[in-house]
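Peer 1: okay, here's the prediction I keep looking at, along with the sequence it came from:
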Amino acid sequence: MDTSIHPSAVVAATATIGAGVRIGPFCCVGPEVVIGDGAELLSHVVVDGRTRIGEAARLYPFSTVGMAPQDLKYAGEPTETELGARTVVREHVTIHRGTVTGTGITRVGADCLLMAVVHVAHDCAIGDGVVIANNVVMGGHVVIGDNAVIGGAAAIHQFVRIGRAAMIGGVSGVEADVIPFGSVVGNRAWLAGLNIIGLRRRGYDRTQIHTLRAAFRLIFRGEGVFADRVEEARRTWSDNALVAEMLAFIDIPSRRGLIRAAVEDEDDAA
C-alpha cells in the first residue's frame with residue numbers, strides 16, 4: 001500500500017514517514033516525528049516532539065502523542081515519546097513526552113488498546129498487550145506491566161507500579177503498587193485477590209495457579225510480620241515461576257508501598 005497524506009494534513013518536511021502510512025484530514029505531524037510502516041492517523045491527530053510511532057499503530061481522531069508534559073518543571077527539554085507497534089489509540093487520548101527529572105521518555109508498548117479519553121502522563125512506561133479502558137487517568141512515572149487490564153475511570157497515582165497481568169477494577173483509586181496477577185478494586189483500592197481469569201487466559205495450569213494462590217494467602221492474609229511471611233513464601237515456593245515473579249516485584253524498592261489485602265478472602269476475583 002502506498003503512503004497517503006490528505007491535502008489538509010500538515011506534515012513537517014523533516015518528519016520520517018514509513019511505507020504505507022495513511023495520514024488523514026487535518027492531522028499535524030511535527031518535524032522530529034518518526035512514523036513506522038503501515039501506521040494510520042485517521043483524522044485530527046496531533047503527533048509532536050521526538051516521537052516514534054510503531055508499525056501498524058492506529059490513532060483515532062483528536063488523540064495527541066508527544067505533546068509537552070503537564071509538569072511545571074518542564075522547560076522545553078528534548079525528551080521523547082514512544083508508541084509500540086499495532087497499538088490502538090482511541091479518541092481524545094493524550095500521551096505526553098517524558099521529562100529530564102524522570103526517565104526522559106514516555107513509552108506505550110506494542111499491541112495495546114487505549115480507549116477513549118485515557119491520559120498517559122510524562123515518564124509513564126506501559127508494557128505490551130495492556131488494555132486501558134475509557135477515562136483512565138494516571139500521574140507521571142506510572143509503570144504498568146505486560147497484559148494488565150485497567151478498568152474504566154480508574155485513577156493511578158504518580159510513581160505507582162502495576163504488575164504483569166494485574167486487573168484494576170473500574171473507578172478505582174490506585175495509590176500504591178499492585179502485585180503481578182493481583183486484582184484490586186475500590187476507592188481507595190484494596191487487594192481483592194488474584195486475577196484468576198487472567199491467569200487462565202495466559203495459559204497457566206491449575207497446579208501453577210494453586211501454588212500462586214497458596215503463596216498469596218500466606219503473604220497477604222497470614223499472621224505475623226509481613227517480611228517474615230515473604231521469606232517463608234520464598235523458602236517454600238522459590239521454584240514456582242509465578243511466585244518468584246511476585247516476590248521479585250515485592251523486593252523492588254517502592255515509592256508508594258504495596259496495596260494490601262482486605263480481611264475477606266476473595267482471591268477468585270476476575
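Peer 2: Here it is on my side, so go on. Residues are numbered from 1 along each chain as shown.
Peer 1: may I see the buried residues of the helix ranked longest in the chain?
Peer 2: Across the chain, the longest stretch assigned as helix under DSSP state H is helix 206-221. By neighbour count, with 16 or more other Cβ atoms under 10 Å as the criterion, the buried positions of helix 206-221 are Gln208, Ile209, Thr211, Leu212, Arg213, Ala215, Phe216, Arg217, Leu218, Ile219, Phe220, Arg221. For the C-beta atoms, the positions are set from N, CA and C on the backbone; glycine is no exception.
Peer 1: hmm, the first one is touching Val243, no?
Peer 2: Going back to what we said before, that points to Gln208. No. Under the criterion of Cβ atoms under 8 Å, Gln208 makes no contact with Val243, lying 9.1 Å away.
Peer 1: hang on, the earlier thing: the longest helix of the chain packs against which elements?
Peer 2: strand 190-194, helix 196-201, helix 226-237, helix 241-251 (3 or more Cβ pairs under 8 Å, 6 or more residues apart in numbering; DSSP states H and E).
Peer 1: can you add distance to Asp37 and give those back as CSV?
Peer 2: What follows is those, written out as CSV (distance: least, Cβ to Cβ, whole Å):
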stretch, distance to Asp37
strand 190-194, 39
helix 196-201, 30
helix 226-237, 44
helix 241-251, 34
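Peer 1: out of these, which comes closest to Val10?
Peer 2: Nearest of the helices and strands packed on helix 206-221 to Val10, taken as Cβ to Cβ: helix 196-201 at 41.9 Å.
Peer 1: so how far is Thr81 from Thr99?
Peer 2: Using Cβ to Cβ, to the nearest Å, we find Thr99 at a distance of 11 Å from Thr81.
Peer 1: compare these two (neighbour count), which wins?
Peer 2: Using other Cβ atoms under 10 Å as the criterion, Thr99 and Thr81 rank with Thr81 on top: 26 against 23.
Peer 1: which strand residues bridge the more buried one?
Peer 2: Thr51, Thr106 (DSSP bridges).
Peer 1: got phi/psi on Glu40?
Peer 2: phi -140, psi 130 (degrees, to the nearest 10).
Peer 1: and for it, nearest residue in space, chain neighbours not counted?
Peer 2: Leaving aside its sequence neighbours, Glu40 sits nearest to Arg22 (Cβ to Cβ, 6 or more residues apart in numbering; 4.5 Å).
Peer 1: what does Ala13 give?
Peer 2: Leaving aside its chain neighbours, Ala13 sits nearest to Pro31 (7.4 Å; criterion: Cβ to Cβ, 6+ apart).
Peer 1: how many neighbouring residues does the one you found have?
Peer 2: Pro31: 13 surrounding residues under other Cβ under 10 Å.
Peer 1: give me the distance between it and Thr14.
Peer 2: Using Cβ to Cβ, we find Pro31 at a distance of 4 Å from Thr14.
Peer 1: equivalent analysis for Tyr204, please.
Peer 2: From Tyr204 across to Thr14, the span is 47 Å (Cβ to Cβ).
Peer 1: ok, now His96?
Peer 2: As judged by Cβ to Cβ, His96 and Thr14 stand 22 Å apart.
Peer 1: which of these two has more neighbours?
Peer 2: A side-by-side neighbour count of His96 and Thr14, using other Cβ under 10 Å, places His96 first with 25 against 9.
Peer 1: which ones are touching the more buried one?
Peer 2: Gly66, Met67, Ala68, Pro69, Gln70, Thr81, Thr106, Val120, Ala121, His122 (Cβ atoms under 8 Å, 6 or more residues apart in numbering).
Peer 1: dump the residues you listed to TSV, plus distance to Asp177.
Peer 2: Listed next are the contacts of His96 as TSV, based on distance: Cβ to Cβ, whole Å:
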residue	distance to Asp177
Gly66	27
Met67	28
Ala68	28
Pro69	22
Gln70	23
Thr81	24
Thr106	19
Val120	18
Ala121	17
His122	19
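Peer 1: narrow those to those that are buried.
Peer 2: Gly66, Met67, Ala68, Pro69, Thr81, Thr106, Val120, Ala121, His122.
Peer 1: what sits against Glu55?
Peer 2: By Cβ under 8 Å, 6+ apart, the contact set of Glu55 is Gly18, Gly36, Asp37, Gly38, Ala39, Ala85, Arg86.
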